[in-house]
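*Asks:* any chance you could fold what I've pasted below:
(2 chains)
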2 protein chains.
Amino acid sequence: MDNLFDIEEWGISQASFDPKLQKAAESIFSLGNGNFGQRANHEEFYSGDSLQGNYVGGVYYPDKTRVGWWKNGYPEYFAKVLNGCNWSGLDIYVNGIRLDLGKLKIISFKRSLNFKTGLLSRESVLELKTGEQIMIHAERFCSMDNDRIGAVSYSIKALSGNLDLNISVFLDNDVRNEDSNYDEIFWDHVYSISDDEEKYVLAKTKKSEFLVATSMFYCCKIDNKRIEVKVNAECSPLKICDRFQLSINEGQVFQINKVVSIVSSLASEGAEVVDSCLATLNGIRANSYEDLRNNHMNAWAEIWKNADITIKGDLAAQQAIRFNIFHLFQTYTGKNAKLNVGPKGFTGEKYGGATYWDTEAYCIPFFLKTAPSNVSRQLLKYRYDQLGMAIENAEKLGFKNGAALFPMVTMNGEECHNEWEITFEEIHRNAAIVHAIHNYTKHTGDSSCLMDYGWEVVFGVARFWMQRFNWSERKNAYVMLGVTGPNEYENNVNNNWYTNYAARWCLKYALDVNLKLDRDKGLTEEEIDRMTEIVAKVYLPEDEKGEIFLQDDGFLDKELIPASEIPENERPINQYWSWDRILRSVYIKQADVLQGLYFFYDNFSKECVEANYRFYEPFTVHESSLSPCIHSILAARIGLNSEAYKHYLRTSRLDLDDYNKEVHEGLHITSMAGTWMSVVEGLAGVHVSDAGVRIAPSIPKNWEALSFQIIVNNQPLSIVLRQNEASFENRGDLDLALEYGEVSKVIKPKERVEFLMNMS
Amino acid sequence: MDNLFDIEEWGISQASFDPKLQKAAESIFSLGNGNFGQRANHEEFYSGDSLQGNYVGGVYYPDKTRVGWWKNGYPEYFAKVLNGCNWSGLDIYVNGIRLDLGKLKIISFKRSLNFKTGLLSRESVLELKTGEQIMIHAERFCSMDNDRIGAVSYSIKALSGNLDLNISVFLDNDVRNEDSNYDEIFWDHVYSISDDEEKYVLAKTKKSEFLVATSMFYCCKIDNKRIEVKVNAECSPLKICDRFQLSINEGQVFQINKVVSIVSSLASEGAEVVDSCLATLNGIRANSYEDLRNNHMNAWAEIWKNADITIKGDLAAQQAIRFNIFHLFQTYTGKNAKLNVGPKGFTGEKYGGATYWDTEAYCIPFFLKTAPSNVSRQLLKYRYDQLGMAIENAEKLGFKNGAALFPMVTMNGEECHNEWEITFEEIHRNAAIVHAIHNYTKHTGDSSCLMDYGWEVVFGVARFWMQRFNWSERKNAYVMLGVTGPNEYENNVNNNWYTNYAARWCLKYALDVNLKLDRDKGLTEEEIDRMTEIVAKVYLPEDEKGEIFLQDDGFLDKELIPASEIPENERPINQYWSWDRILRSVYIKQADVLQGLYFFYDNFSKECVEANYRFYEPFTVHESSLSPCIHSILAARIGLNSEAYKHYLRTSRLDLDDYNKEVHEGLHITSMAGTWMSVVEGLAGVHVSDAGVRIAPSIPKNWEALSFQIIVNNQPLSIVLRQNEASFENRGDLDLALEYGEVSKVIKPKERVEFLMNMS
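*Replies:* A predicted model of the protein is given here:
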């Protein structure tokens, strides 16, 4: 696999311009700050192939999907993340010629994204048709310090000859989604103002009626001295544009610094959206671009203190892991309980909808160990806030008495995906949400989340499972019919082991939680009896010898041909095989039984994990970016180190090297958490249990050292792993129980311990 | 259940006008002749709620259904039957007031459809605002004699006062489908001509590029004397319109007879569509309306000779059965191998697509016994002509070497339905097509169809089944995974008994047919071995005691609660329950195991049928119009006469009494064949086997006599059944083996035999 762009320890760069790579670069060099984000579109006009993309967290449009075979309970729309105001754009004519990398002669080009600072920069020498050469330099960021602020600094140097410049500085909300079903525009104009005091666009989304205000101010300099320009200000629906002219002489540098504030009705905290947006901008008008930039960089430095991973001896791996961590924090910061982690973050439109079970199964484990606990807690709060809609959703499907089914895909708590086999049947998501509450409590030692409101989610979900199991006379057990497990290459199966096991776990957990609650909050006697009865008699399919768990009742009737026998030119099978063929094949899209062994890690012996891993891995085609990390972690656990590394490689540079030829559409944000998991939980073998932290590393032969920090019980633990040694430093204030290989040890606060044995 | 319209022995009528019933009446009073048809829209303008519908056989539009979750093998479009040229319309102003039953005062109204003659007529006295009263009389038909001809006779009598008439006679192809996904018009204008010689519109469908020419001539009379009128002829895209004025005095009658010819590129037999259309019209220009009408009525008389059923003692039943037979012959006549039997015929737009397995499972049994063999043979030919596309369809799904999968829904041989659980998995349709070839051969004694080309279909289908079964180590048998049986309330199940049984039957039949063929046409040795091996080892699920066949592997894990316990206000469940709830419930939409016992009637003992009927009937909700007839037939067979009658009642007046509140959308044409089946094969107990005809009647207590004729081996057999006697007359030229109750008898040509015992 070739690298698309250049490898650096702390960033990624591109040393020459290739129009064919522009859309991929726009994805990979994307910026975001948890509240909004954008693709790395050129600031100036670009006539080449491009997906202009600016996205504001939580702002969506419910695009209708009309199908002829409507079924009861179908959601009425498919939510789309909404392409919004282009705030970083400029339109520039130099000596009458438009600046456009698609048309001008490019003498040199360099684009860089620095993960440490969160700055995107670009420098390029261009030659006009008329012979003059100019150098442009652009830098921009989405402020991690103030998540309503974005800023661009753009300069033009006259390398040869004098230049007449015609500049348009604009905010343009008149944009369409590339994935609109009916080519509609999803925005309504509210109003646009542009005078000396205020310059902003207020737009409203159709149907969903989100307001988004975008305002700007800018200042111009020549050779770093501020100048005033005579502006012709235009206002049109959904757009404002300031135009001015000026001239610079050979050798001079013109610079414009544009600062914007973006506030949506999701983030205005009760105030009027426009007021809030203007107030934000007024609050920073006194700051220079450099001040804002410094604040932004400092915020990133804080994040990296907790979250960084260093890999010595493998530059590509080093870049990849930081790239993934960087994008995860660009996508989600935990500041706003109305937001979540979209599969493509702010880097593209595909998959519509912000929230999948990816959040609980992959992102929460990441944030739990790399960020203060309030970040993960905010993600739990998001689901709690949507509990009412989850109960409504379950009611639509015929469930009663407060049973809750959280949606498979959502923006606001309503289901917005409509394949019945997913929406109605891939119900294991419900268990992941409860498991995340448990996981949060275990990692942070903070049970207030559970006791304050989490219990309501736990009970709602337990009531769903209680009703969803039915008694089978034939099996003399409770069975669960008609589900889709994590392996979406089987639909509508009976007794998916993972779902049955996870559902039983949820029922047990609810019974446990019930014991800790005041009576008036608790389950009814009838519910307790029923849940206890089901827990005792859930059917969990196994093979005849009791060696492996069966993915579902029919699994062993399939032809058990390993995936290695699928011809190379038929992979991925989802691009070459018809759906029915995929369904009745044995091939597994992503970890299913193994997902359960990962989630409920402490409940299974190494032998049990090994038998199931060896049975299912050969049938797994890993056609979800979320699959290899789970296999990597389990392979490491059972000592299959080279397998663990193989699976890690499959996930680590998925977007950077564009394995699936789709990076132009955006990045796989949630699967980046999976990559992080394969490093920390897989190769480094970190496992947090009630007993403390267990570490069983199997770091790749070519890695000199792997160093990182995790947060457990709000205590930072520094970890350095080398081929033949390991060291741990308890940087917190409490004792920490550590298990390393066969050794158990309690590390005192500020204590550093070293081990010299080779674990790999 | 109330009757919507009046009951007559040979027709249906409506004695007063109710705008709320207009759309229902438009469906019920529909006309057709196998080549084209139309809803019973008023000829003159009507401002009330109406679905104007004119449909030409086989002319469709591939309307795109965009879905976000495309799966490989999905068809790209959903074919829609196309609403076409309004040819029976007139627009009339009387003393400046537009004739419109939605606006004028209606003094009297009577509409009648005569099944015997195929004439739709209407007589109404109307009062103008200005006080004058007029009587309009309209009659029209779609000629069964010449299926390119339609004709209208329309007259206005001045009951009081003199009348100035302003008449527009038009052909209007500028029409839209009510069910268009994107409100597009599906027609392109080619050209319109209107001069003294020729008056026609030529239109072309978008994408599918069917040409349809509609031409007209008309003549006017006052008091039955031909008059010339001065015409202002207008041509516009997709429309022509002749306007003229005239006056009549009180007591006089103005009459216009309009005759049209409709020819599509599917029916023009190689000639230019316009030439063919004009030639048709020129060929009959010398005929009067009355001549055409007589020819039409004679053609109907011929059909009724074979197809009529008389029921003495139950007028509602009498009307219903003739209504059903009438509409079946209006929909399909067997004249054009490119046509088939659409679920709504020419009476509405719903369900898009002309051909479902309804044709083989329901319509062919009807036509086999009621019409000359060429009619059924044409339906077999239709599938044979599409074999190439069925092979392509199977290839798209990964099958090889000539395996054929016929589409679930089609207009031209391509699949045009796209729910994966139907399109890819409801593959039992393939077996019904082969079974129809077998059934044809058995009924007609004509094996030329099989030997000339049917064998290719038999082998293509057998090759599909051969590849579709897979070996299960665990079951030590061939299994079929991931199918949907006739009961569409279960999807993606394993080992649907009906599908496995029918597939095995197809393989056996292919091996039998192979023995009769020349070597060079036959199956390969390898295919023979493989098919033989599978036939010997197909897995057919049964319950543990071997008493009943299991609908599929998981059926007995469901909660076995009879349908009688579903609250009335949750029926039909497909309108109240979510899809996943329906899927995991035990409820059966339509006969599934029982469909197999019906198809392969001779292979099962009465005890076996009874055990399965008693097990499955309580779980069957009959939410398909195709279900009760099968239950009726089997109930009659096992002596449950009142059950048989109950099921018959459920199907007999489905449309006439609008059981499902949807008759305004069109009629359930294919299920009408099911009604016929419940009378002939159920209540009359007629069963044709290789051994001859077996008759075991259980006619309802309130029926005095049930008389009809069936055709077996091209020999008409007249049957009269009364409560305590039965008589049979062999009206053919060959001996006929008859089994009646315990008695077996050979009836000689022209012989009539009577039985006096009571069978019921």
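
*Asks:* with adjacent residues omitted, what lies nearest to residue A:391?
*Replies:* residue A:404 (4.8 Å; CB to CB, 6 or more residues apart in numbering or on different chains). The C-beta positions use only the backbone N, C-alpha and C, and glycine is treated the same way.

*Asks:* and that neighbour, what does it touch?
*Replies:* If you count contacts by CB atoms under 8 Å, 6 or more residues apart in numbering or on different chains, residue A:404 has them with A:387, A:390, A:391, A:393, A:394, A:430, A:457, A:460, A:461, A:463, A:464.

*Asks:* for the fourth one, what is the enclosing helix or strand?
*Replies:* Under the criterion of DSSP states H and E, residue A:393 resides in helix A:387-396.

*Asks:* chain center to that helix, what's the gap?
*Replies:* 25 Å (CA atoms, centre = their mean, to the nearest Å).

*Asks:* so what touches it?
*Replies:* Residues contacting helix A:387-396 (CB under 8 Å, 6+ apart): A:72-73, A:383, A:402-407, A:412-415, A:456-457, A:460, A:464, B:578.

*Asks:* likewise for stretch A:197-207?
*Replies:* Applying CB under 8 Å, 6+ apart, the set of residues contacting stretch A:197-207 is A:59-62, A:82, A:84-85, A:171-173, A:184, A:186-194, A:210-217, A:233, A:238-240, A:242, A:273-274, A:277-278.

*Asks:* ditto for stretch A:18-25
*Replies:* A:4-5, A:14, A:40, A:46, A:48-51, A:101-102, A:111, A:658, A:663-664.

*Asks:* out of the residues you listed, which are buried?
*Replies:* A:4-5, A:14, A:40, A:46, A:50-51, A:101-102, A:111, A:658, A:663-664 (16 or more other CB atoms under 10 Å in any protein chain shown).

*Asks:* among the residues you listed, which ones are in strands?
*Replies:* A:14, A:111 (DSSP state E).

*Asks:* and which of the buried ones among the contacts of stretch A:18-25 is nearest residue A:532?
*Replies:* residue A:663 (49.9 Å; CB to CB).

*Asks:* quick one, what contacts the closest one?
*Replies:* A:4, A:24, A:27, A:28, A:655.

*Asks:* which pair in those spans the largest distance?
*Replies:* A:4 and A:27 (10.1 Å).

*Asks:* show me what the host helix or strand of residue A:457 is in contact with.
*Replies:* Assessed by DSSP H and E, residue A:457 sits inside helix A:455-468. Residues from elsewhere that reach helix A:455-468 (CB under 8 Å, 6+ apart): A:380, A:383-384, A:387, A:390-391, A:394, A:399-406, A:427, A:430-431, A:433-434, A:437, A:450, A:480, A:503-504, A:506-507, A:509-510, A:513-514, A:517, A:521, A:523, A:527, A:530-531, A:534.

*Asks:* now which of those would you call buried?
*Replies:* Listed as buried from these are A:380, A:383-384, A:387, A:390-391, A:394, A:399, A:402-406, A:427, A:430-431, A:433-434, A:437, A:450, A:480, A:503-504, A:506-507, A:509-510, A:513-514, A:523, A:527, A:530-531, A:534; burial here means 16+ other CB under 10 Å.

*Asks:* please report the distance of residue A:746 from residue A:740.
*Replies:* 12 Å (CB to CB, to the nearest Å).

*Asks:* who has more neighbours out of the two?
*Replies:* More neighbours surround residue A:740 than the other of residue A:746 and residue A:740, with 21 against 12 (other CB atoms under 10 Å in any protein chain shown).

*Asks:* tell me who's in contact with that one.
*Replies:* A:694, A:695, A:696, A:726, A:728, A:755, A:759.

*Asks:* with residue A:610 instead?
*Replies:* residue A:638.

*Asks:* from residue A:259, how far off is it?
*Replies:* Counting by CB to CB - residue A:610 and residue A:259 are separated by 57 Å.

*Asks:* and for residue A:383?
*Replies:* In terms of CB to CB, residue A:383 sits 35 Å off from residue A:259.

*Asks:* ok, now residue A:450?
*Replies:* 42 Å.

*Asks:* one more: residue A:171?
*Replies:* From residue A:171 to residue A:259 the distance is 12 Å (CB to CB).

*Asks:* if I look at the two, which residues touch both of them?
*Replies:* What both residue A:171 and residue A:259 touch, as defined by CB under 8 Å, 6+ apart, is the set residue A:216.

*Asks:* more neighbours: these two, which one.
*Replies:* residue A:171 (27 against 23).

*Asks:* wouldn't the more buried one be in contact with residue A:87 here?
*Replies:* Yes. Counting by CB atoms under 8 Å, residue A:171 touches residue A:87, with 5.6 Å between them.

*Asks:* what touches both of these two?
*Replies:* Counting by CB under 8 Å, 6+ apart, the residues touching both residue A:171 and residue A:87 are A:214, A:216, A:260.

*Asks:* what's the closest of the residues you listed to residue A:553?
*Replies:* Closest to residue A:553, out of all of the shared contacts of residue A:171 and residue A:87 and judged by CB to CB, is residue A:214, at 54.3 Å.

*Asks:* not counting its neighbours along the chain, what's nearest residue A:132?
*Replies:* According to CB to CB, 6+ apart, the nearest residue to residue A:132 is residue A:161 (3.9 Å).

*Asks:* swap in residue A:586?
*Replies:* Nearest to residue A:586 is residue A:558, by CB to CB, 6+ apart, at 4.2 Å.

*Asks:* and that neighbour, what does it touch?
*Replies:* So residue A:558 contacts A:584, A:585, A:586, B:470, B:472, B:481 (CB under 8 Å, 6+ apart).

*Asks:* bridging residues for the fifth one?
*Replies:* In this case it means residue B:472. residue B:477 (DSSP bridges).

*Asks:* that older thread, I'd like the shared contacts of residue A:171 and residue A:87 as a markdown table, with distance to chain B and neighbour count appended.
*Replies:* As requested, these are exported to a markdown table (distance: CB to the nearest CB, whole Å; neighbours: other CB atoms under 10 Å in any protein chain shown):
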| residue | distance to chain B | neighbour count |
| --- | --- | --- |
| A:214 | 29 | 28 |
| A:216 | 35 | 26 |
| A:260 | 32 | 25 |
